[in-house]
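Visitor: Sequence and predicted model, in that order:
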Amino acid sequence: MATEPNPDRRQARVPAHLAGVRLDRFLADCFPNYSRRQLSDAVKAGLVCVNDHKGKPGQILAANDRLDLPVWSKTLPGLEKKRESERGVGRAPTEIVELYRDDDLLIVAKPPGLPVHAGAGISTMHTLIESLREDVLAGFGLVHRLDKDTTGAIALVRGEEMRRVTSERFADPAGGVIKIYEAIVSGVPEPAEDEIEAPLLPPSHGGRARVDDDEGRPALTRYRTLESFVRAARLEIELETGRTHQIRVHLRHRGYPLLVDPIYGTRKAWRIPDPRGRRDVYLSRTPLHARRLELPHPRTGQRISVDAPVPDDMKHTLEVLRVVASRGRIRGGLPLPPPPEA
């Protein structure tokens, strides 16, 4: 008597051209929407069978091997929760705001201090990707990046091909993607509106990106001064290119780095009393915010535009800087900005 298929399982056979591949590599290649670590965990948990036997991540597959697999969207969330509880690591507090969503495109506002993905010294549980785990398991993936302390709009696209095309749009100055940032800088730019065109070399081994006229890749940043304070300013910035740390390096190159920037500026943190006797400003991150994102919809091509609200720490900083400026303070707690880079 035939048995009905299990709706929580799926069957497959190894094609001849993939014979000799490790099981974990085979799964990663066939199911790119999931990480190799997630798929390997499923194998270690005994959820993947090869020829009716529990598989092992490093097992070498032969042509026509029979695979019995779980439905990943039903299985992996439970494995992730178990992994989290066993490690005793909770999710980082986040305030992720959804700015736009449909079946193909998701845009959220990233809070400060939340890395986009895991890296050296960063737990997978404390990332934007982990916080959006259900969406990632449903097939959404990143098409660009923001630094850990940079806030604002970041986009994910569902489907490998649309994700690839959208990523290329972000990398191409003519790709139709507009990225508008707000920044608080040390010093008041002169002129108040300008372009910064300086080729950049990317960071090497965790170092600093830098301007290099001979070997750097073309990079263009446009800025406009929105407000001037006492030795500080609020800028609107548009990226023509998207090099690593481009805004931070270009601003430092011109002599007005971000108000706080432990790598490219002069401060790891900044405190200033509120002249009204209210709560002091204490800024401990780079004040850079991806305020607006415009892009063609990955499926329809329709123009999508979103604005991410400015985070509270930057709003508070701007409020106090306005008060200091309005009272005619000479310094307002700010040292002189560093000179422009040679």
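Guide: Yep, that arrived.
Visitor: can I see the domain layout of this structure?
Guide: 9-87, 97-326 (automatic domain parsing).
Visitor: Do I have it right that Arg66 meets Asp52?
Guide: Yes - counting by CB atoms under 8 Å, Arg66 does reach Asp52; the two are 7.3 Å apart. Using the backbone N, CA and C atoms, a C-beta is placed for each residue, glycine as well.
Visitor: hmm, back to that, ranking the domains of the chain by burial, who's on top?
Guide: Between the domains of the chain, domain 97-326 has the highest mean count of neighbours, a mean of 18, where neighbours are mean count of other CB atoms under 10 Å.
Visitor: For the stretch 1-150 of the chain, just list every one of the strands.
Guide: 9-13, 49-50, 53-54, 66-70, 97-101, 105-110, 140-142 (DSSP state E, counting those that start in this stretch).
Visitor: Direction included, what does the first one pair up with?
Guide: It refers to strand 9-13. strand 66-70 (antiparallel) (DSSP bridges).
Visitor: Quick one: mean pLDDT for the partner strand?
Guide: For strand 66-70, mean pLDDT rounds to 92.
Visitor: His144 contacts Ser167, doesn't it?
Guide: Yes - if you go by CB under 8 Å, His144 and Ser167 touch, sitting 7.1 Å apart.
Visitor: Now Glu227. Its backbone dihedrals?
Guide: Backbone torsions of Glu227, given as degrees, to the nearest 10, read phi -150, psi 140.
Visitor: For Val108, see how far away Ile154 is.
Guide: Separation of Ile154 from Val108 (CB to CB, to the nearest Å): 6 Å.
Visitor: what's the overlap in contacts for these two?
Guide: Common contact partners of Ile154 and Val108 (CB atoms under 8 Å, 6 or more residues apart in numbering): Leu128.
Visitor: show me where pLDDT drops low in this protein?
Guide: 1-5, 83-94, 118-125, 205-206, 328-342 (pLDDT under 70).
Visitor: can you give me the helices in it?
Guide: Ranges of helices in the chain, per DSSP state H, are 23-30, 36-44, 72-87, 128-131, 133-137, 160-171, 246-254, 312-326.
Visitor: Quick check: which of those helices is nearest to Ala192?
Guide: Of all the helices of the chain, helix 246-254 sits nearest to Ala192, with 12.5 Å by CB to CB.
Visitor: So which elements touch that closest one?
Guide: strand 178-186, strand 193-197, strand 200-201, strand 210-211, strand 220-228, strand 232-239 (3 or more CB pairs under 8 Å, 6 or more residues apart in numbering; DSSP states H and E).
Visitor: Specify the stretch among the ones you listed that is closest to Arg101.
Guide: Among those, strand 178-186 sits nearest to Arg101 (CB to CB), with 19.6 Å.
Visitor: And for the closest one, what's in contact with it?
Guide: Contacts of strand 178-186 with the rest of the structure, by CB under 8 Å, 6+ apart, involve 152, 226, 231-239, 242, 247, 251, 256-259, 265-267, 287-295, 310, 314, 317-318, 321, 334, 337-338.
Visitor: what's the angle from it to helix 246-254?
Guide: 40 degrees (axes from the mean of the first three to the mean of the last three CA atoms, to 10 degrees).
Visitor: which residues touch Lys110?
Guide: So Lys110 contacts Ile96, Val116, Leu128, Leu146, Thr150, Thr151, Gly152, Ala153, Ile154, Ala290 (CB under 8 Å, 6+ apart).
Visitor: now Trp72
Guide: Going by CB under 8 Å, 6+ apart, Trp72 touches Phe31, Tyr34, Leu39, Ala42, Leu137.
Visitor: do you know how far the first one is from Gly139?
Guide: Distance of Phe31 to Gly139, given as CB to CB: 10 Å.
Visitor: Ile180: what's its closest spatial neighbour, skipping adjacent residues?
Guide: In space, and not counting its chain neighbours, Ile180 is closest to Arg292: 3.9 Å by CB to CB, 6 or more residues apart in numbering.
Visitor: for Leu69, same thing?
Guide: Arg10 (5.1 Å).
Visitor: what's the answer for Glu197, then?
Guide: Once flanking residues are discounted, Glu197 sits nearest to Leu220: 4.9 Å by CB to CB, 6+ apart.
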